[in-house]
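S.K.: prediction below, plus the sequence it came from.
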Amino acid sequence: MFRFLVRRLLGALVILLIISAVTFWLFYAIPRDPAMMSCGKNCTPDMLKQVRHNLGIDHPIPVQYWYWLKGIFVGRSYGDFGDCSAPCLGYSFANREPVLGTILDRLPLTLSLAFGAAVVFLIFGVGAGMIAALKQGKWQDKVASSASLLGSSLQIYFVGYIAMYFLVFKMGILDNPSYTPITESPADWFSGLLLPWLVLAIIFTANYTRMSRSQLVEQLSEDYVRTARAKGLSRSNVFLRFAWRGAMGPIVTIFGVDLGTLIGGAIITESVFSLQGVGRLALDAVNKSDLPMVLGVTLLSAGAIVVFNIVVDAVYALIDPRIRLA
Amino acid sequence: MSNNPLLDVSGLTKHFPIKGGFPIRRTVGAVQAVDGLDFQVAEGESLGLVGESGCGKSTTGRLITRLLEPTGGKITYRGQDITHAGRKQLAPIRSEIQMIFQDPYASLNPRQTVGKIISGPMEINDVNPAGGREKRVRELLEIVGLNPEHYNRFPHEFSGGQRQRIGVARALALEPKLIVADEPVSALDVSIQAQVVNLLQKVQQELGIAFVFIAHDLAIVRHFSQRVAVMYLGKIVEIADREDLYGNPRHPYTRALLSAVPEATVDEEPRERIRLVGDVPSPINPPSGCRFRTRCWKATEKCATEAPPLVQVDGNKPGHLTACHYPETTETIPAPRLSKDPEAAA
Amino acid sequence: MTSTDQQPFLSIKDLKVHFSTEDGIVKAVDGLSFDLVKGQTLGIVGESGSGKSVTNLTILGLHDRDRTAIEGEILLDGKELLSASEKELERLRGNKMSMIFQDALASLSPYHTIGTQIGETYRKHTGCSKSEARKRAIEMLRRVGIPQPDMRVDDYPHQFSGGMRQRAMIAMALVCDPELLIADEPTTALDVTVQAQIMDLLKDLQQEFGTAIIFITHDLGVIADIADDVLVMYGGRCVERGTKKEVLSDPQHPYTLGLLNSMPSLHGAVDVPLTPIPGSPPSLLNPPSGCRFHPRCAFADKVVGDRCSTERPLLELVEDRGSACHLTDAQKQELFADFAATRHN
């Protein structure tokens, strides 16, 4: 296990390095000058030059990239704009503050959104999939399958606005989406995020219903499930301890990827419900050509996905003793 | 053995590397799948390769057809060294050495018609028989006992036995001189096996094609092959004409193998019963000396230190080679006999 | 041989198992009857689609109930199983009757240790503690000849060799001393030397426990080694019954004869072609009319009229010996006479 973690974490670093380099290079393919935007309306060529220097964008791209990398470990100064202590992921052109701080400000909301939605879609998605698998071909199965088909064809902005309109404004069942840190008021945190959770979960639920149904149906036809029944174990025992165990692996795999993606920001959901999470941050940064911010959010998303992949592989090995980590 | 065998294999070795180590992965060992095989196949002859799972017989088949690259040794086909021949050098030979696989379901492309499957090899090798490829395919279908009118059907429309016939027809398309058949009948129902064995026998006799016939069923190998080689843990332990091998087995393993074959007869007198204890050791770390010694009831110190060469031991006819320090004699009492327990010995 | 003075432990009467598929109704078993006495081994011979495996899953009640229509009677120790509740069946499975399967790797759970899998069967039926179950598992592993059972009990199936896995499965099936053991092709996937070990083991255990065994196989050689009585199935029906010696030495059904003739032996002539049965096993979705073997039968034209294709031949048993064939005894004697001569031994 130790060897596995070391090897995989080293691999993850390499991947993040490549991703940051590619993002860096891609960004400069866009013909926009961030210094112009920072400099403001009454910009003189001299001022522009100074701004360029302060932002550190007056060097060739590889050199800039090197400074950026170095900043992560030793920090960096941005002249008039201020200092950025290690670990420095860069300085936002648009917000005029270090990237890392901004991301960390937004992260709690995004994490709340992601994990809350995950709980909802896991319970409903996997639950519906289990029922459908147990009642293959019966009405429960048909209802679950149709619902998941419907769910997967819905779009968040559509469901989101409809739900807002009816549940919040018309009927007043749910609170208007807002974010209160859980440390301040758990009740407000919960009621403010309930609607975004449900809406975000709808899309994922469908996927998990289909996935867990097909996995369970496959497992239930395995020879060892038949053997377990032939030993006299009850249907429910066999279902939970044998079939479910086998079905878990693939579900855990996509769950890891989904969770990683969500932590990178649920852009549409955050926009629909006007929540200031990482997703919105990314969107704004792209619009403002704010390279350091784009880079920071990209690394966060990529890092989350890479880390969850490692976690998934480790969990997989716990589920299935045939898999050896090395 | 004729002086100019069709296929001459000497010292053939295949080791599959095992990767491991930390922090940098490297080769830490090898599965010694095939280790120093010597045998020849004459034109038109069928050589049977028998042995239990993991003995390396299928790997041998894949080495001969050069689907795998040998680690060592030499494969000579009609005087030409093909051990490490590249794609270009192999191209003309590939049409002369064909393969038939075990699973007739998996080895035919389900999206191609039978005509396309069988003419495939001709297209790839740009062979244009007189009268066209379609005519040739229809002839081939006729030869393997299928209706030539089924040219445009798909594999799923055929039964298991018929699919294996399609596999045979495909192998025959390029008029090969050698066919490597890897367990060609073991996936088929008993009543169908005989149909396919008869077909292969007809092909061998009428078209003069040499066979390397790989199977675990000793009765079928005996029926089909003029000469038989018995493999154990990557080595040939005994090779002989079929009458000698089945009538006068000299290697203890051959003898044990033969005595374990269940026969559909109710014997009045009990047959010889040798029961090997334990399992075949791992090919990653095979026993020193004679690889069979851990399960052999005759093993001594010598067997552990000295690998027995594959030679014509005393009392063998020419061409009957046995790799054993203490070969069996014919006069053995047909009584139940247990080999020693490898776990206890270890 | 089944003696008439002993009560049959398992009795199957006119069993029909039909399941509905998208393509139609599959008549997997179509009127099958047999009795089995304790301590005896009944070999069931058949090819793919003969209905041999379905029969045995039905005995254990492991068929797909929603899609299966069953008629007939299955009596285990006098108890009717087809009408038994799921709870009752669960108490019997693994306890009074158990089953071993062909592919031990696929049939054992990859997620649980060998010891857990053996032990949980014992716990389920005896209600003992975990540590007792573990002790029992080790004892069973020792009994089936697994070296160092106290170490291997914590291994997973993938850490066992093929032969050892099959031994472990046998240990699991016998952990509650069942009176009926159904073995579905338990040696087919094994090498001959391992197959011989497993069959010896089953014979020894049968001697020790007096278990009744149903041994399903397609290999007549295996039958010759292990069975007392033989039942030959074709297309969901029994075509021949008798003792091992009767069936193998004096077959009375053209299918049995064909099977025996098509197998090469270790002693037969080698330069003559084998005598295969033409054609393929029938589809049970749309089986042949009359005698299901008639399209492949070499002697169908010897029966007067078209009885073979129109009339189902009945299995008439005299002291558990007989065949389902329209040929008269005299015809069989004449037509099968070559058997001894052409048989490859």
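M.R.: Cool, got the structure. Residues are numbered from 1 along each chain as shown, chains lettered A, B, ... in the order given.
S.K.: biggest helix in chain A by residues?
M.R.: helix A:186-220 (DSSP state H).
S.K.: list the buried residues in it.
M.R.: Neighbour counts over helix A:186-220 (16 or more other CB atoms under 10 Å in any protein chain shown) mark A:189, A:191-213, A:215-217, A:219-220 as buried. For the C-beta atoms, the positions are set from N, CA and C on the backbone; glycine is no exception.
S.K.: show me what that helix packs onto, helices and strands only.
M.R.: For helix A:186-220, the packing partners by 3 or more CB pairs under 8 Å, 6 or more residues apart in numbering or on different chains; DSSP states H and E come out as helix A:99-121, helix A:127-134, helix A:139-153, helix A:156-163, helix A:244-263, helix A:267-272.
S.K.: pipe the ones you listed into JSON lines and attach mean neighbour count per row.
M.R.: Below are these laid out as JSON lines (neighbours: other CB atoms under 10 Å in any protein chain shown):
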{"stretch": "helix A:99-121", "mean neighbour count": "20"}
{"stretch": "helix A:127-134", "mean neighbour count": "22"}
{"stretch": "helix A:139-153", "mean neighbour count": "15"}
{"stretch": "helix A:156-163", "mean neighbour count": "16"}
{"stretch": "helix A:244-263", "mean neighbour count": "19"}
{"stretch": "helix A:267-272", "mean neighbour count": "21"}
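S.K.: mind putting the ones you listed into JSON lines with mean pLDDT and distance to B:Tyr326?
M.R.: Shown next, in JSON lines, are the helices and strands packed on helix A:186-220 (pLDDT from 0 to 100; distance: least, CB to CB, whole Å):
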{"stretch": "helix A:99-121", "mean pLDDT": "91", "distance to B:Tyr326": "68"}
{"stretch": "helix A:127-134", "mean pLDDT": "91", "distance to B:Tyr326": "60"}
{"stretch": "helix A:139-153", "mean pLDDT": "87", "distance to B:Tyr326": "66"}
{"stretch": "helix A:156-163", "mean pLDDT": "86", "distance to B:Tyr326": "79"}
{"stretch": "helix A:244-263", "mean pLDDT": "89", "distance to B:Tyr326": "50"}
{"stretch": "helix A:267-272", "mean pLDDT": "86", "distance to B:Tyr326": "78"}
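S.K.: chain C is nearest to which of the ones you listed?
M.R.: Chain C lies closest to helix A:244-263 among the helices and strands packed on helix A:186-220, at 4.7 Å (CB to the nearest CB).
S.K.: in which helix or strand does C:Ser33 reside?
M.R.: Using DSSP states H and E, C:Ser33 sits within strand C:24-36.
S.K.: show residues contacting that strand.
M.R.: C:2, C:8-20, C:42, C:51, C:54-55, C:58, C:72, C:180, C:212, C:214, C:231, C:233, C:235-238, C:241, C:284-287, C:315, C:320 (CB atoms under 8 Å, 6 or more residues apart in numbering or on different chains).
S.K.: swap in 7 Å and give it another go.
M.R.: Outside strand C:24-36, the residues that touch it by CB atoms under 7 Å, 6 or more residues apart in numbering or on different chains are C:2, C:8-19, C:42, C:51, C:54-55, C:212, C:214, C:231, C:236-238, C:284-285, C:287.
S.K.: narrow those residues to those in strands?
M.R.: Among these, the ones falling in strands (DSSP state E) are C:10-19, C:42, C:212, C:214, C:231, C:237-238.
S.K.: low-confidence regions, the stretch 201-346 of chain B specifically.
M.R.: The model of the stretch 201-346 of chain B has pLDDT under 70 over residues B:268-270, B:330-346.
S.K.: make that the stretch 1-150 of chain A, sorry
M.R.: Using pLDDT under 70, the stretch 1-150 of chain A drops low at A:29-34, A:37-38, A:40, A:80-81.
S.K.: now do the contacts for residue 292.
M.R.: Just so you know, I chose chain A. A:Pro292 makes contacts with A:89-93, A:99, as judged by CB under 7 Å, 6+ apart.
S.K.: actually it's chain C I care about, not the one you picked
M.R.: So C:Arg292 contacts C:234-235, C:237, C:282 (CB under 7 Å, 6+ apart).
S.K.: rerun at 6 Å
M.R.: Applying CB atoms under 6 Å, 6 or more residues apart in numbering or on different chains to C:Arg292 gives the contacts C:235, C:282.
S.K.: could I get the pLDDT score of it?
M.R.: What the model reports for C:Arg292 is a pLDDT of 93.
S.K.: helix, strand or coil for it?
M.R.: coil (DSSP: H, G, I helix; E, B strand; the rest coil).
S.K.: give me the neighbour count for B:Lys88.
M.R.: 7 (other CB atoms under 10 Å in any protein chain shown).
S.K.: can you get me a residue count around residue 314?
M.R.: Going with chain A. 15.
S.K.: not quite, go with chain B.
M.R.: What B:Asp314 shows, counting by other CB under 10 Å, is a neighbour count of 9.
S.K.: can you give me phi and psi for it?
M.R.: phi -50, psi 130 (degrees, to the nearest 10).
S.K.: just want the most central residue of chain A.
M.R.: A:Leu262 (2.1 Å; CA atoms, centre = their mean).
S.K.: need the contact list for that one.
M.R.: Counting by CB under 6 Å, 6+ apart, A:Leu262 touches A:Ala114.
S.K.: repeat that with 7 Å
M.R.: A:114, A:117.
S.K.: for chain B, see how far away it is.
M.R.: Applying CB to the nearest CB, to the nearest Å, the value for A:Leu262 to chain B is 32 Å.
S.K.: any idea how far that residue is from A:Lys142?
M.R.: For A:Leu262, the distance to A:Lys142 (CB to CB, to the nearest Å) stands at 30 Å.
S.K.: likewise A:Met130?
M.R.: 15 Å.
S.K.: for B:Leu47, same thing?
M.R.: 59 Å.
S.K.: same question for A:Phe255.
M.R.: From A:Phe255 over to A:Lys142 the distance is 26 Å, taken as CB to CB.
S.K.: kindly report the same for C:Thr55.
M.R.: Spatial separation of C:Thr55 from A:Lys142 under the definition CB to CB is 33 Å.
S.K.: same thing with A:Ile103?
M.R.: For A:Ile103, the distance to A:Lys142 - CB to CB - is 45 Å.
S.K.: again, but for A:Tyr161
M.R.: 29 Å.
S.K.: out of the helices and strands in chain C, which is least certain?
M.R.: helix C:338-342 (a mean of 61; mean pLDDT, DSSP states H and E).
S.K.: walk me through the domains of the chain.
M.R.: No chain in the question, so chain A it is. Here the domain parsing of chain A from automatic domain parsing is A:2-99, A:101-319.
S.K.: think we crossed wires, I meant chain C
M.R.: Here the domain assignment for chain C is C:10-111+C:161-234, C:250-342, based on automatic domain parsing.
S.K.: so which of those is the most packed in?
M.R.: Stretch with highest mean neighbour count among the domains of chain C: domain C:10-111+C:161-234 (a mean of 20; mean count of other CB atoms under 10 Å in any protein chain shown).
S.K.: just how off-centre is stretch C:320-330 within its chain?
M.R.: The chain centre lies 22 Å from the centre of stretch C:320-330; the measure is CA atoms, centre = their mean, to the nearest Å.
S.K.: compute the first-to-last residue distance for it.
M.R.: 20 Å (CA to CA, to the nearest Å).
S.K.: contacts for it, please.
M.R.: By CB under 7 Å, 6+ apart, the residues outside stretch C:320-330 that reach it are C:2, C:229, C:237-242, C:246, C:252-254, C:291, C:299, C:302-303, C:307-308, C:313-316.
S.K.: quick one: low-confidence parts of the stretch 1-150 of chain B?
M.R.: B:1-3, B:22-23.
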